[in-house]
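1. Got a sequence here, can you model it:
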Amino acid sequence: MMQKVKSKLKFKNKRKDSVTILTDPYRYLKNQFRKADSNNSGYLDFEEAKDLCKSLNIKLEKEDLRNLFNEANTEKSNPASKEKGEVLNEDEFVSFYYKLMRRPEIDEIFRRYTKNSNQSNRMTPEALLDFLKEEQKDDLAIEECKEIVKNFESSADKTSFTKEGFTHFLMFNDWQELLSPISRTQVKADQMVHPLSHYWIASSHNTYLSGNQLTGESSIDAYINALKWGCRCVELDCWDGDEGDPIIYHGHTLTSKILFKDVVEACKKYAFEKSDFPLIFSIENHCSLEQQDRMAEHLVSILGDMLYTELIQDDEKNMPSPMSLRGKILVKAKRLPPSATGDDDDNEDESDDDERDESKKKKDKKISKKLSDLVNYIHAVHFPGFNNNDAKFFHMSSFGESKTKKIIADPETARDFVKYNTKQLSRIYPGAKRQDSSNLKIVEPWCAGCQIVALNYQTDDRQNHINRAMFAANGGSGYILKPKFLRDSITAYSPTSPSGLNRSEFPSLILSVDILSGQHIPRPHGVDEGEVIDPYVEVKIRGHPDDYNEPDNHKETESVHNNGFNPTWKQSFVFTIKVPEVAFLEFKVKDHSHSGKDQHLGSYAIRIKDTQEGYRRAYLLDYSGKELKPASLFVKINKRWIK
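-> Below is the predicted model of the structure:
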């Protein structure tokens, strides 16, 4: 039977103590073998192998396929047990698979690092150490390299790598992915001690909706799903409900309604399942005083100690840090003046209504003191303009999509916005015209330092794809520390072009990207049948206008005819990135069509800051966030900084 590679391997890193990596390179092969073995004989005959190739998106001439089948069929000496020997058992199937998956690009690396080896066609731990230092920029000890060989080599001799063992190491090891497992699983505690205004925060718009903005269903599950994705700011649109209990829905529409208390209970259960760091309730309050009191009672009784109710002290000048608020839920809503002793009128208008029909706005609405008393560090106010002398660090304003674009388009107000966001929180949300729950372009407000850029999480689109890439690192905590020029109000920087950054302090980056090959690229929409695809890869840099608007930062490979199984491109691209701190690298794999629109097959995006150098694997996803494993790209990354 198949030999199973040990599933746990610990690596040490000069920046962290250790990380555990899980891998099972044969799980996928076992599943494929069992699916192809249509008569459950424990063997694959040639026709079953041919059908398997078709399902795996492989198109080979029958003669070539037969030759590979015969090469793998080594145990022909017992025809009685093997149907005249013309079948493959599990071990032979593995051999057949790897013959199909021959990787000339990995063979070339292997030859380069074994040419001076005393062992014929073997990579010693010393040679592996050289490879890891030179190519992968990983500084490991020789003992760790020996452990790697021991765990990934599939032959009996586990003191050095065969070509197959080295391939296993590169292709079935989390550490060799483009995003390191340390970034994906570990929070950088030393970076979680800044004020909340210094972070990008994963945020959802109209979190309750699972569909469009007019007739979609409101759902408790929508909150649970957002929280499981690591969302740290959820929205609650609150209206008067029957029998004195507030409800949540999209007001003045046909969306369904759910109880406020049910949402709070669900959020309590799932608030800190993905992340320990503070969750923000962004409350849009349309309720009467009586039901506002009821909201406050629910928040206090259901959340208990989770609800952060501490008063702001007179000597405080900045927002607290995510670390100091671990396990806490903060309420973002309007608040009565400190002098208020009871319920009072709200003479400010601050809500998502600034892009809605004026007739639907409600002015001078009363605010419950009970609810007001639960608001501290995120006090929602109408935006009074920049450089306002009465502005406090705990004042937060919401900006509609069109207003945000207008602010950022003007170089002067764009710089003011950056300065504002170093001290105060801003929330950006999609415009009212997006009734289909489409999303605004998220990178633009991020480049201006906006912390809470709210997306419709239920929509499968590129913006959510980029959002997941932003928050994939730092342990999936939902908090990413902004670069210094978005935290320091005196740094010269503009989110418009040119950025104006001091290159001695914030150097540009020359990013070299080699698209080497792909593996198991799926057909459009994940179907098993149909024509074999002609895949190609779009490579783009997204980020600051200095970078995204640069034509040379948008490239694509040639298409590979009739090969979705293991297409080889071996094409190199060089990108000059002027503001790498806010830049993303995006791969989009498409099927070249000779008659219609090229179909999207899978994508991958990552922050430039999080990208590991060297030979790396990027697993493809669809826009819903679903991993399409084992579909992946094999790439090489190199970074060179220029001051």
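2. any chance you could map the helices in the stretch 151-300 of the chain?
-> 163-171, 181-185, 220-228, 260-270, 289-303 (DSSP state H, counting those that start in this stretch).
3. winner for burial among these?
-> Highest mean neighbour count of the helices of the stretch 151-300 of the chain: helix 163-171, a mean of 22 (counted as mean count of other CB atoms under 10 Å). All C-beta spots, glycine's among them, are computed from the backbone N, C-alpha and C.
4. packing partners for that one?
-> Applying 3 or more CB pairs under 8 Å, 6 or more residues apart in numbering; DSSP states H and E, one finds that helix 163-171 contacts helix 104-114, helix 142-152, strand 614-621.
5. Buried residues, the second one. List them.
-> For helix 142-152, burial by neighbour count (16 or more other CB atoms under 10 Å) applies to E144, C145, K146, E147, I148, V149, N151, F152.
6. Kindly report the same for the shortest one.
-> Using 16+ other CB under 10 Å as the burial criterion, the residues of strand 614-621 that qualify are G614, Y615, R616, R617, A618, Y619, L620, L621.
7. Same question for stretch 557-575.
-> 557, 559-560, 562-569, 571, 573, 575.
8. Check stretch 432-445 too.
-> A432, R434, S437, S438, N439, L440, I442, V443, E444, P445.
9. Out of those residues, which comes closest to G476?
-> I442 (17.6 Å; CB to CB).
10. Report the two of the buried residues of stretch 557-575 separated the most.
-> Longest span within the buried residues of stretch 557-575, CB to CB: N562 and F575, 29.9 Å.
11. okay if I get the helices of the stretch 151-300 of the chain as CSV plus mean pLDDT?
-> Output for the helices of the stretch 151-300 of the chain, formatted as CSV (pLDDT from 0 to 100):
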stretch, mean pLDDT
helix 163-171, 88
helix 181-185, 95
helix 220-228, 98
helix 260-270, 98
helix 289-303, 98
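12. Dump those to JSON lines, plus distance to S398.
-> Putting the helices of the stretch 151-300 of the chain into JSON lines (distance: least, CB to CB, whole Å) gives the following:
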{"stretch": "helix 163-171", "distance to S398": "46"}
{"stretch": "helix 181-185", "distance to S398": "31"}
{"stretch": "helix 220-228", "distance to S398": "18"}
{"stretch": "helix 260-270", "distance to S398": "20"}
{"stretch": "helix 289-303", "distance to S398": "19"}
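13. can you tell me which of those comes nearest to K626?
-> helix 220-228 (12.8 Å).
14. Break down the stretch 401-550 of the chain into its helices, ranges please.
-> Using DSSP H, counting those that start in this stretch, helices in the stretch 401-550 of the chain cover 401-409, 411-423, 443-447, 462-470, 545-548.
15. between these, which gets nearest to L170?
-> Of all the helices of the stretch 401-550 of the chain, helix 462-470 comes closest under CB to CB, at 22.7 Å.
16. between the closest one and strand 614-621, what angle do the directions make?
-> Calculated by axes from the mean of the first three to the mean of the last three CA atoms, to 10 degrees, helix 462-470 forms an angle of 140 degrees with strand 614-621.
17. Kindly provide the whole-number mean pLDDT of helix 462-470.
-> The average pLDDT for helix 462-470 rounds to 98.
18. From the chain's centroid, how far away is that helix?
-> 6 Å (CA atoms, centre = their mean, to the nearest Å).
19. now for it, which elements pack on it?
-> Using 3+ CB pairs under 8 Å, 6+ apart: helix 462-470 touches strand 199-204, strand 452-455, strand 584-591, strand 599-607.
20. want to throw these into a markdown table with mean pLDDT and mean neighbour count?
-> Output for those, formatted as a markdown table (pLDDT from 0 to 100; neighbours: other CB atoms under 10 Å):
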| stretch | mean pLDDT | mean neighbour count |
| --- | --- | --- |
| strand 199-204 | 98 | 26 |
| strand 452-455 | 98 | 27 |
| strand 584-591 | 98 | 23 |
| strand 599-607 | 97 | 22 |
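21. Let me know the next secondary structure element after the helix or strand of the chain with the lowest mean pLDDT.
-> Here the helix or strand of the chain ranked lowest by mean pLDDT, DSSP states H and E is strand 16-22, holding a mean of 35. Following strand 16-22 in sequence order, the next helix or strand is helix 27-36 (DSSP states H and E).
22. Please point out which parts of that next one sit buried.
-> Per 16+ other CB under 10 Å, helix 27-36 contains these buried residues: L29, K30, Q32, F33, A36.
23. for stretch 316-336, same thing?
-> Result for stretch 316-336 [16+ other CB under 10 Å]: buried residues 319-323, 325, 328-336.
24. Could you do stretch 241-260 as well?
-> G241, P246, I247, I248, Y249, H250, G251, T255, S256, I258, L259, F260.
25. Contacts for that stretch, please.
-> 206, 208-209, 213-220, 236-240, 261, 263, 286-287, 290-292, 294-295, 298, 360 (CB atoms under 8 Å, 6 or more residues apart in numbering).
26. Between helix 163-171 and the longest strand along the chain, find me the angle.
-> As assigned by DSSP state E, the longest strand anywhere in the chain is strand 627-642. Using the same axes, to 10 degrees, the direction of strand 627-642 lies 80 degrees away from that of helix 163-171.
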